[in-house]
Structures are given as structure tokens and as C-alpha cells.
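Student: pasting a predicted model and its sequence here:
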Amino acid sequence: MLIDFFLHLKASRLPVSIKEFLTLLEALQQHVIEYSLDDFYVLSRAILVKDETNFDKFDRAFGEYFKGVEALPGMDVLIPEEWLRRAVKKHLTDAERARLEKLGWDKLMETFKQRLAEQKERHSGGSKWIGSGGTSPFGHGGTHPEGIRVGGRSENRSAVKVWEKREYRNLDDSVELGTRNIKVALRRLRRFAREGAAEELDLEGTIAGTARNAGWLDLHMRPERHNAVKVLLFLDIGGSMDDHIRVCEELFSACRSEFKHLEHYYFHNCVYDYLWKDNRRRHSERIPTPDVLHKYGNDYKLIFVGDAAMSPYELVQPNGSIEFNNAEPGATWLRRLADTWPHAIWLNPESEHSWQYRQSTSLIYNLLGGRMFPLTLDGLARGMRLLSK
Amino acid sequence: MRFSGSETYVATRDLTLAVNAAITLQRPLLIKGEPGTGKTMLAEEVAASLGLPLFEWHVKSTTKAQQGLYEYDAVSRLRDSQLGEAKVADIGSYIVKGVLWQAFECETPSVVLIDEIDKADIEFPNDLLRELDRMEFFVYETREKVRARHRPLLFITSNNEKELPDAFLRRCFFHYIRFPDKETMTKIVDVHFPGLKPALLREALEVFFELREIPGLKKKPSTSELLDWLKLLLAEDIPPEALRSKDQKTAIPPLHGALLKNEQDVHLFERLIFMARHNR
């Protein structure tokens, strides 16, 4: 009973669980409501949806199911391009990614957006419009080898990407960090944060313990709550990092609450004479890098987050920066940073396999003595292990 | 047991349905909503209208889940032991019962309010999972198990300051109290000020909803603030016409301090009125 309804909600990406569904059935069995669709709507919402931000999703799903309203074409496509791009990329293997160069990312996405704008009504078949069937790269059920599927169910499995979730993704700790597994990542960071921390006197525990001991002093110690580990975070922002910026910010905001001593600076591609703290005011409020070098002691752990993808000239040539004329090459600056803070690692959102193919990445990899880790759960754990040594 | 609003509390159909479902299935009901929409009031009203005792647990940032069950007062036991009191031997006399224990012990079914659960530590809801599920807990000091005689009716309010864990949410029903529309608002005011002149009420509500529409207000006035304001208007005996002078833009509503609680908001509001005057 109502199993289709439940599955439909699940398919609409509402976080509903079987337990909640059974509760709903129990409520129906106990005649909490009369036979009215309105009441059923309220009841099922109270039981199944636990966050008002999901109400809209629920409304749509409920409407679709009970009124047989067809999902509006384009409804599920009102997604920022940034997301789209990332989402699409996730579903590609490296080989496919290479093949895709045939059409090119920007062109594919641009055409896709253009079609969306042009398209006014439902479309089926044909070779240009977004719709079902046909050989257009957009829509679903088509046969174009590199199409983007929009809604619908996969029919001949040839579309390069499918919008449906990949359910087991989160179990794989080699995938890049997302909102779902950030909590696990956080736990690994926390472990790093608490490790090696000094102990302090647990006053409450001591009082309670002494009282329990009928007055004999019973000292209790506990690990210091806020860890002694100090972290400097250097985040690459802009340019080729735009793809990864969200992942970085998630990691960054996760870190922020974890460390008491956490300082962050932004740079672009590579560190040169200046850093900045607020990306919106990066041109007016720059901080000279030497100041930063002198400000923090060498007990700080340095974590770069960046894709290390740039022109090799930016690293090895003076004036190689794409933004301003730097007197010293990026590599000199990086070496200087690594000398000041011997505990340094580089987290790279790009997949580990692709590092060797990029000149700049392997340059930095060598500069840091191989202390570059992918921005995945596994990579994070490895990096933190190294840092806490 | 069915709840259907009360003389002093107007409950929408959605809300009564959610409350009744929670009563029937004996699940906790999680209430969210804008501040001042009567989240905390709900538990009090349900308890009053069903004639059940109410146990309130107001959560603070330092509140621990354990405190709702019981606390062991080791310090006074230590003091008593040094004074040589006889009751020291019985550890049970130093166990202080918490809100949930009191509710579990209650002879009749009861209502428990856990107010502002989002203020507490992030692990707080998780620490209560089993207790709320099974309605029982274990007292380690005295080796006794406390089990609820009647499953208490549980209301939990949250202001969305922290996200609650999924496992906890799965066990609750959820209702989001929307800000009341004009019709409901009239009913609410009616309940609180039965003798209010219709003209004054209409004018006041219009001013109120207009004020809520002003973009950029830090804190929009809520139901409870409207009620306070009306109380003041009545006390000052302000005629309906004064609320809306001929040129509506030039008038600052009298006693607007009751509606706008934030200095910046008052500034913004006065500036807007000044600009409106200037443009004339």
C-alpha cells in the first residue's frame, strides 16, 4: 500500500526512510485522518519531511503523484551552471572525459543552455532539441554518444551522463569530498586536531571523583579540548580552481570550527608577493607574503588547497604570474614557505592519476617532496597522518 | 484525546492534525517556525486543554542530556559525609530527578516540552535517542531502571540554529508553523482582545503587515509583538484614524517601539519615512 508513493518520494530525492513510511501506515491504520487528500497531505508531510527546506520538493512530488501532473519540462534543469558542470563531470570516466574533447565542455554546456532558452515546449524525437528519444546530445533516451540526459529513465544506457544519483558513491572513500561525506572528513580532521594535545586538569571531574572517594583527592586529567595544533590554510581561488571551489569551501568551513588556531589566506594559482584574506576585496586588502612568513611560528602546519594546475612559467619564470609582475618565480616562494613551515602538505582536488600528466603539478609535487594528497577521504587521512607525525 | 485549539490559542488545521497524529501514535512532535509564532505556547495550551500536567525543560548551550534524566549531587554527599549525617549511606538521596524522570513517574499521562533543543550541543539529541524511543533509562548509581508509566506527549521546539541529526528526526513528527495570514491573524487577535473595535483592528493589521513587507528589516515583527502593540494601543486609547493619517507615508505608527525591537530597524524605518516625505 502506497509503496509507489513512497518510492516516488524517494525518487524525488526526499530523505525519507522506511521507518517513517511504516509510521505513516500506522497512522492510517489508526484512523488519524478521515478520507481526505488534504489531510493525507498534511499527515504525510508531518511524518515524512523533517525540514522545511524540503517542503517544496515534497509539494512537487506529492502533486506529481496524486494529480498525475507531468513534471514540467525544464523544471529539473533550473540548476546553476556551476553545479551542472560539476555534476556532469562526476559521471565521466577519464577516458570519456578525453573523448568529450570532441565537442568540448564549454561548447556542450553553452549549447545546452542555449537550447534550454530556445525550447518552449515538450519535445520528442528529432536531433536538435532537448527531449526524449532522438539523437540530440540533450534529453533522454537518445543515441548520441556524448549526450546530456535531462530527466527521464535511462533507456539504452548510451547517454554519457545520467542525472540520477549514484547510490553507493558515499561508500567509496576515493571519491572527492562532497556535502555527504564531509562529516567523515571532519572526523578525520578532528582526530588530527585532538592528537598529541596536552592534558589539562579536569576540575569538575576532580571534584566529582574526590567526592566519590569520600574526600581523598582524586585528580582527573583530560585531553585539552582545544587542540594545540596550529594550522595555516592557503586556498587557491579563481581561475582553474573554479571547478573545485565549492569542495574547497566546504573543507574550509569544516576546518574553521575544528581548529582554534586556524588562519586562512587566499592565493591565485601560486603564491607570490601578496596574499589576501577576503576574496571580494582581494585587490584593496592584500597582505605581503613576507609579513605572513614572519608572523606565524614554525610550529604551524601549512596546508595548501589547490589544483596546482597552471602554466609551468608561473612556477619557474620571474614575471610568470598571470596577474602581476613577480620579481621572483613561484617556485622560490613555495620553497620559502615550505622552509618556514616544515610541516606542509598540498591537497589537490584533481584525481591523483592525472597529476603526472601536468607539468606544473609534478613540479609542485617535487617541490614539496611528494607531500601532495588528493582531496578525498583517503587522501585527507594520509595527509593528516603525515602532518601529525 | 484530541486537541482542537483552545480559547486562548488559535491552531490551524495543519497544526491540529499534526498534534493529533503525534498524540495518537505517541511520537514526539518537532515544532519549528519563525520566532513569536507560538511554538512554546503550543505545549502549554495542549497540556491545559487536555488537562495534563506539563513538564518543561528549557535547553541552554550548556545543557547535557543527562540532566533531563537525573543528576548525582556528589558535592553535597561529600559535605554530608564530613558532617557525619546518617543519610550518606544511601546514595539514592543524592540523586536529583530531572524533567524526564518526573514525567515518567507521573501518575497520569503528561506533556513534556523540550524547548529550543537546537541551543544545546550537537550530540544532545543523539544522547536522548533511546530514552525517547523506549521511554526508559538506567540509573547507574542506584542500579535501577526507570520506565515511563505512561508515554508522555513530547513537544520539541527548534529555532534552526543547528541541524538536528537524522536518526533523531526520523523518530519525530514535524510541523513548521507558518506565519499566519491575515485571516488567521484576525482570529488570533480576536482570541486575545475580544472587545477590540473592528476598525482599529483592521487598521492595525494593515500597518502591521505593511511593516513586515519592508525589505531589509533585521527582525520582522511577529505575532507576539503584534499582540503587545495592540495592548499598548488599547491602553493609550488611540483612535483608529491616528494609525492611518491622510497621507499614509508620512505617519509613523504610534508606539512602533513595540513592533520594531532593533535599533537599526527603527533607523531604517524612520529613514524610509523621511524619504517618502521628501519625495512628496
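Tutor: It's in. Numbering: from 1, shown residues only, chains lettered A, B, ... in the order given.
Student: ramachandran angles for the residue lying farthest from the centre of chain B?
Tutor: For chain B, the residue at maximal distance from the C-alpha centroid (Cα atoms, centre = their mean) is residue B:84, at 45.4 Å. When read as degrees, to the nearest 10, the backbone of residue B:84 gives phi 70, psi 30.
Student: same question for residue A:300.
Tutor: Taking degrees, to the nearest 10, you get phi -70, psi 140 for the backbone angles of residue A:300.
Student: what's the neighbour count on it?
Tutor: By other Cβ atoms under 10 Å in any protein chain shown, 19 other residues sit near residue A:300. For the C-beta atoms, the positions are set from N, CA and C on the backbone; glycine is no exception.
Student: cool, and residue B:87?
Tutor: Residue B:87: 11 surrounding residues under other Cβ under 10 Å.
Student: correct me, but it touches residue B:76?
Tutor: No - look at residue B:87 against residue B:76 with Cβ atoms under 8 Å: they stay out of range, at 10.3 Å.
Student: what segments of the stretch 101-250 of chain B are helices?
Tutor: In the stretch 101-250 of chain B, the helices defined using DSSP state H, counting those that start in this stretch lie at B:124-127, B:129-134, B:166-170, B:182-192, B:198-213, B:223-236, B:240-243.
Student: right, and these - which one's nearest chain A?
Tutor: Proximity to chain A (Cβ to the nearest Cβ) singles out helix B:166-170 among the helices of the stretch 101-250 of chain B, at 3.9 Å.
Student: so for that closest one, mean pLDDT?
Tutor: Mean per-residue pLDDT for helix B:166-170: 86.
Student: which outside residues touch that helix?
Tutor: Residues outside helix B:166-170 that contact it (Cβ atoms under 8 Å, 6 or more residues apart in numbering or on different chains): A:15, A:17, A:19, A:20, A:50, A:51, B:30, B:125, B:126, B:128, B:129.
Student: quick one: which of these is most hemmed in?
Tutor: residue B:30 leads the contacts of helix B:166-170 on contacts (other Cβ under 10 Å) with 28 neighbours.
Student: SS state for that residue?
Tutor: Using DSSP: H, G, I helix; E, B strand; the rest coil, the structure places residue B:30 in strand.
Student: distance check, the nearest residue to it once chain neighbours are set aside against residue B:111.
Tutor: Sequence neighbours aside, residue B:172 is the residue nearest to residue B:30 in space, at 4.3 Å (criterion: Cβ to Cβ, 6 or more residues apart in numbering or on different chains). Distance of residue B:172 to residue B:111, given as Cβ to Cβ, to the nearest Å: 15 Å.
Student: with residue B:217 instead?
Tutor: Counting by Cβ to Cβ, the gap from residue B:217 to residue B:111 is 34 Å.
Student: ok, these two, which is more surrounded?
Tutor: Using other Cβ under 10 Å, the more surrounded residue of residue B:217 and residue B:111 is residue B:111, with 24 against 17.
Student: please name the residues that touch the residue lying closest to the more buried one once chain neighbours are set aside.
Tutor: Leaving aside its chain neighbours, residue B:111 sits nearest to residue B:47 (3.9 Å; criterion: Cβ to Cβ, 6+ apart). Residues in contact with residue B:47 (Cβ under 8 Å, 6+ apart) are B:53, B:54, B:110, B:111.
Student: my guess is the last one contacts residue B:150. True?
Tutor: No - at 11.0 Å, residue B:111 does not count as touching residue B:150 under the criterion of Cβ under 8 Å.
Student: what's near enough to touch residue A:296?
Tutor: Taking Cβ under 8 Å, 6+ apart as the contact definition, residue A:296 lies against A:230, A:232, A:263, A:341.
Student: make it 7 Å
Tutor: Counting by Cβ atoms under 7 Å, 6 or more residues apart in numbering or on different chains, residue A:296 makes contact with A:232, A:263.
Student: residues in the stretch 101-250 of chain B within reach of chain A, list them.
Tutor: When proximity is defined as Cβ under 7 Å from any Cβ of the partner chain, the stretch 101-250 of chain B approaches chain A at B:169, B:170, B:172, B:173, B:174, B:175, B:176.
Student: and residue A:49, how far from residue B:106?
Tutor: Noted for residue A:49: a distance of 32 Å to residue B:106, by Cβ to Cβ.
Student: correction: residue A:6
Tutor: Taking Cβ to Cβ as the measure, residue A:6 falls 37 Å from residue B:106.
Student: swap in residue B:157?
Tutor: For residue B:157, the distance to residue B:106 - Cβ to Cβ - is 21 Å.
Student: so the two - more neighbours on which side?
Tutor: Legend: neighbour count by other Cβ under 10 Å for residue B:157 and residue B:106, higher for residue B:157 (22 against 18).
Student: just list whatever residues bridge to the more buried one.
Tutor: Beta bridges link residue B:157 to residue B:31 when assigned by DSSP bridges.
Student: of all residues in chain B, which one is nearest the centre?
Tutor: Closest residue to the average C-alpha location of chain B: residue B:40 at 1.8 Å, with Cα atoms, centre = their mean.
Student: and the stretch of helix or strand that one belongs to, what's buried?
Tutor: In the assignment (DSSP states H and E), residue B:40 maps to helix B:39-50. Using 16 or more other Cβ atoms under 10 Å in any protein chain shown as the test for burial, helix B:39-50 gives B:39, B:40, B:41, B:42, B:43, B:44, B:45, B:46, B:47, B:49, B:50.
Student: how about the residues of the stretch 151-300 of chain A that lie near chain B?
Tutor: Within the stretch 151-300 of chain A, the positions near chain B by Cβ under 7 Å from any Cβ are A:207, A:208, A:211, A:212, A:214, A:215.
Student: what are the contacting residues of the helix or strand hosting the second one?
Tutor: Translated: residue A:208. Assessed by DSSP H and E, residue A:208 sits inside helix A:203-212. Contact partners of helix A:203-212, identified using Cβ under 7 Å, 6+ apart, comprise A:216, A:217, A:218, A:219, A:220, A:222, B:74, B:75, B:77, B:78.
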